[in-house]
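>>> The amino acid sequence is not available; the structure is as follows:
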């Protein structure tokens, strides 16, 4: 085993979406000073990203392998049996899947298990307690800011669980050149989210206001930055894609839909507008003027309540009149963006903890908070849904199997974006 993170460290990343793959791969690189690329795995499921989505993250030239949870555990076991076991495993997954994989790794009973790291891909504005308790048992639970670290520790200590695993860090994809105004350029970018806002009426409202803003400011380029193309899925389900809603409208020439890496889009952004996207934190870190919309309310369901006290809250009416919010420096520092500390030092504590764990003669047993004793009516259902049985016979991959799987995914996506809204409307009659 490596005595420190300066030596060769084998890292595996398991993710369940494009954004979590981006978070996991970049986190893996920041946890060690090793130059080797992490081995990537993408969990097969409803949100499995397409090759285009993975490439758009810009984090790796190597496409991660698509696996089931059981196949991932077999890969960890087989690597250990070959004497090439992973030293660190980064779980970039939703909480329930983290808890299931923790159980699976514990059940492998490896002579030397990997250090297990997990965390959150962005702003944590819902299911804070449950999500954290499902992640408990990992050796490192990364918090993206001082604010999050305090909240995470309070939850763990409040239920009598150890909080030593919580380590303050930062979002791993912050960076880029500071915003510099450019003569003749005036670009507003709206960072869209798949499920915020959720309803057709609310998403249509946002789209109409963006188009109206473009008409009101013909000299300004208004870009609607999208996460996925029709037929692709992201972390959250998108029932009403903006690409489809815009078909019924007649936007002006200075309004466009764009895709691409958010960092590259921010390179030419003069005002970033969103409801509650993590893109706001990326923009703020680069000192790009940023606005958080209040038009649909400041609500937990929207996630924009996270920005209370930030100085960034405004409405389309304000933007139409030329208002540009000024962020509160104290709030920024607590969120881990645009702080006085150098960004390069944000992961020092996490690297130190990983190095200390790797240097131990043996790692302690995995001891999650949710067990058959603490959550007998909850945990069995979570574990059963994930079916992480490494002793079951591994299904043989075939062309027919891949075709059937892709057809099933297509049917699922069609059901989410076409059938479900119709059924919901019929139910309202």
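Yes, it's here. Note that this is a predicted model, so its numbers are computed, not measured. Numbering: from 1, shown residues only.

>>> As a check, name the ranges of all helices in the stretch 1-150 of the chain.
For the stretch 1-150 of the chain, the helices defined by DSSP state H, counting those that start in this stretch cover 18-31, 51-57, 69-81, 95-108, 128-135, 146-158.

>>> Output those helices in TSV; the columns should cover distance to residue 272.
Placement of C-beta: from N, CA and C, glycine included. Converted to TSV, the helices of the stretch 1-150 of the chain look like this (distance: least, C-beta to C-beta, whole Å):
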stretch	distance to residue 272
helix 18-31	17
helix 51-57	18
helix 69-81	36
helix 95-108	28
helix 128-135	25
helix 146-158	20
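
>>> Let me know which of these is the nearest to residue 372.
Closest to residue 372 of the helices of the stretch 1-150 of the chain is helix 95-108 (C-beta to C-beta; 10.4 Å).

>>> any idea how far residue 218 is from the residue lying closest to residue 152 once chain neighbours are set aside?
Taking C-beta to C-beta, 6 or more residues apart in numbering as the measure, residue 152 lies nearest to residue 166, with 4.5 Å between them; neighbours along the chain are not counted. Using C-beta to C-beta, to the nearest Å, one gets 50 Å for the distance from residue 166 to residue 218.

>>> Equivalent analysis for residue 172, please.
According to C-beta to C-beta, residue 172 and residue 218 sit 39 Å apart.

>>> These two: who's more crowded?
For residue 172 against residue 218, the residue with the higher neighbour count under other C-beta atoms under 10 Å is residue 172, and the figures read 24 against 9.

>>> so who does the closest residue to that one other than its chain neighbours touch?
Distance criterion C-beta to C-beta, 6+ apart; nearest residue to residue 172, sequence neighbours excluded, is residue 26 at 3.7 Å. Under the criterion of C-beta atoms under 8 Å, 6 or more residues apart in numbering, the contact partners of residue 26 comprise 59, 172, 173.

>>> do that again at 10 Å, thanks
Residue 26 is in contact with 13, 38, 57-60, 90, 92, 171-175, counting by C-beta atoms under 10 Å, 6 or more residues apart in numbering.

>>> ok, now residue 211?
Per C-beta under 10 Å, 6+ apart, neighbours of residue 211: 222, 224, 246, 249, 250, 251, 252, 254, 255.

>>> returning to that earlier point: most packed of the helices of the stretch 1-150 of the chain?
Each of those was given a mean neighbour count from mean count of other C-beta atoms under 10 Å, and the largest, a mean of 26, is that of helix 18-31.

>>> And the residue most central in space within the chain, how close does it get to residue 36?
Nearest to the centroid of the C-alpha atoms of the chain, with distances taken as C-alpha atoms, centre = their mean, sits residue 121, at 3.2 Å. The gap separating residue 121 from residue 36 is 23 Å, by C-beta to C-beta.

>>> Ok, residue 317 next?
Going from residue 317 to residue 36 by C-beta to C-beta gives 52 Å.

>>> next one: residue 239
Using C-beta to C-beta, one gets 41 Å for the distance from residue 239 to residue 36.

>>> same check, this time on residue 318
Applying C-beta to C-beta to residue 318 and residue 36 gives a distance of 49 Å.

>>> more neighbours, these two?
Each of residue 318 and residue 36 had its neighbours counted (other C-beta under 10 Å), and the higher figure belongs to residue 318 (16 against 12).

>>> and the more buried one, that's in a strand?
No - inclusion of residue 318 in a strand is not indicated when DSSP: H, G, I helix; E, B strand; the rest coil is applied; the result is helix.

>>> what sits against it?
291, 293, 294, 295, 324, 325.

>>> Direction included, what does the helix or strand hosting the first one pair against?
Taking DSSP states H and E as the definition, one finds residue 291 inside strand 290-293. With DSSP bridges as the criterion, the sheet partners recorded for strand 290-293 are strand 271-274 (parallel), strand 313-314 (parallel).

>>> Just the mean pLDDT for the first one, thanks.
This predicted structure assigns strand 271-274 an average pLDDT of 98.

>>> Stretch 181-192 now?
97.

>>> how about that stretch: buried residues?
When neighbours are counted by 16 or more other C-beta atoms under 10 Å, the buried residues of stretch 181-192 are found to be 187, 188, 189, 190, 191, 192.

>>> Which parts of the stretch 101-250 of the chain are strands?
Here the stretch 101-250 of the chain has its strands, by DSSP state E, counting those that start in this stretch, at 115-118, 140-143, 166-168, 187-191, 221-225.

>>> Below-threshold pLDDT in the stretch 1-150 of the chain: ranges please.
By pLDDT under 70, the low-scoring segments of the stretch 1-150 of the chain are 1-7, 34-35.
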